[in-house]
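Give me a 3D structure for the following:
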Amino acid sequence: MLHDKGLLLRHYTQNIDTLERVAKIPDEKLVEAHGTFHTGHCTACKEEYTQNWMKERIFKDDVPICEKCPGVVKPDIVFFGENLPDKFHKMLKKDFTKCDLLIILGSSLAVQPFASLVDRVPDHVPRLLINREKAGHRTGIMAMLGIGGGLDFDGKNNTRDVLWIGDCDEGCQLLADKLGWTEELIALSQKEHEQIDKEAEKERSDSKKAGDSSSKTDCGDGEKN
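This next block holds a predicted model:
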């Protein structure tokens, strides 16, 4: 909805499951900091493969082997010890100086360097955390001295950090309510869920047809079993 209204500068995510893409956030508005299952590449020749190509082989318990060479195809996700995508480092230098509201959703803010993004916005920019628990806040002596990074929900001079504890769905709906977008968000959510259900049903139907087709064998007497 923020994208549709022309208000979304960028969406940064730690998710690798492509849910943001399902939600119709376009590639140019999306930074997948830990990579994504959306695409994969051969570890030898770097040939690119789609998610459906990889899914088909993985669900058959086959090792996804490149069609161009004998290399193994790896999903474009970041494993422990690997560098984050170049897009992450490139975009954060541009985006966070332009940000006029930082919304943080459903994150423990415990994994670096992603967690430090909250400190990238200018000092006057409001920061809203919608989460099931307090996260990313200053603690201990650092908070008492007013130094160090992190969110400052409890500071006596805090004028910009806001915490809403609860489910993200409820928090986002409340935010939409405050902005006068209640009915718009409800309608958009319903429309998108109906589309997802429709696509899932089609995928199940196609899989069933493929299974039925592969189970039929020629008995040699003109009949099919």
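
Note down every partner strand of the lengthiest strand in the chain and its orientation.
Assignment by DSSP state E gives strand 35-42 as the longest strand of the chain. Using DSSP bridges, strand 35-42 pairs in its sheet with strand 48-50 (antiparallel), strand 73-77 (antiparallel).

Could you save these as TSV and add columns showing distance to residue 57 and mean pLDDT?
Using the backbone N, CA and C atoms, a C-beta is placed for each residue, glycine as well. Output for the strands paired with strand 35-42, formatted as TSV (distance: least, Cβ to Cβ, whole Å; pLDDT from 0 to 100):
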stretch	distance to residue 57	mean pLDDT
strand 48-50	9	88
strand 73-77	8	86
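
Of the ones you listed, flag the one that's most buried.
The highest average neighbour count among those, using mean count of other Cβ atoms under 10 Å, belongs to strand 73-77 at a mean of 18.

how far does that strand sit from the chain's center?
Distance of strand 73-77 from the chain centroid (Cα atoms, centre = their mean, to the nearest Å) equals 16 Å.

and the residue nearest the centre of the chain, what element?
Centroid-nearest residue in the chain, with Cα atoms, centre = their mean: residue 15, separated by 4.0 Å. Assigned by DSSP states H and E, residue 15 belongs to no helix or strand.

Tell me which residues touch it, please.
Residues counted as contacts of residue 15 (Cβ atoms under 8 Å, 6 or more residues apart in numbering) are 32, 34.

same for the longest helix belonging to the chain, what does it pack against?
Longest helix in the chain by number of residues (criterion: DSSP state H): helix 182-215. In terms of contacts (3 or more Cβ pairs under 8 Å, 6 or more residues apart in numbering; DSSP states H and E), helix 182-215 is packed against helix 168-178.

by how many degrees do the helix it packs on and helix 182-215 diverge?
140 degrees (axes from the mean of the first three to the mean of the last three Cα atoms, to 10 degrees).

Helix 168-178 - what's its average pLDDT?
Helix 168-178 shows a mean pLDDT of 95 in the predicted model.

just to revisit the earlier point, so which of the strands paired with strand 35-42 comes closest to residue 109?
Closest approach to residue 109 among the strands paired with strand 35-42 (Cβ to Cβ): strand 73-77, 20.4 Å.

Give me the contacts around that closest one.
Counting by Cβ under 8 Å, 6+ apart, 16, 34-43, 47, 49, 53-54, 64-66 sit against strand 73-77.

at 6 Å what do you get?
Contact partners of strand 73-77, identified using Cβ atoms under 6 Å, 6 or more residues apart in numbering, comprise 16, 35-37, 39-40, 42-43, 49, 64, 66.

Could you do stretch 82-96 as well?
Residues from elsewhere that reach stretch 82-96 (Cβ under 6 Å, 6+ apart): 9-10, 31, 33, 78, 120-121.
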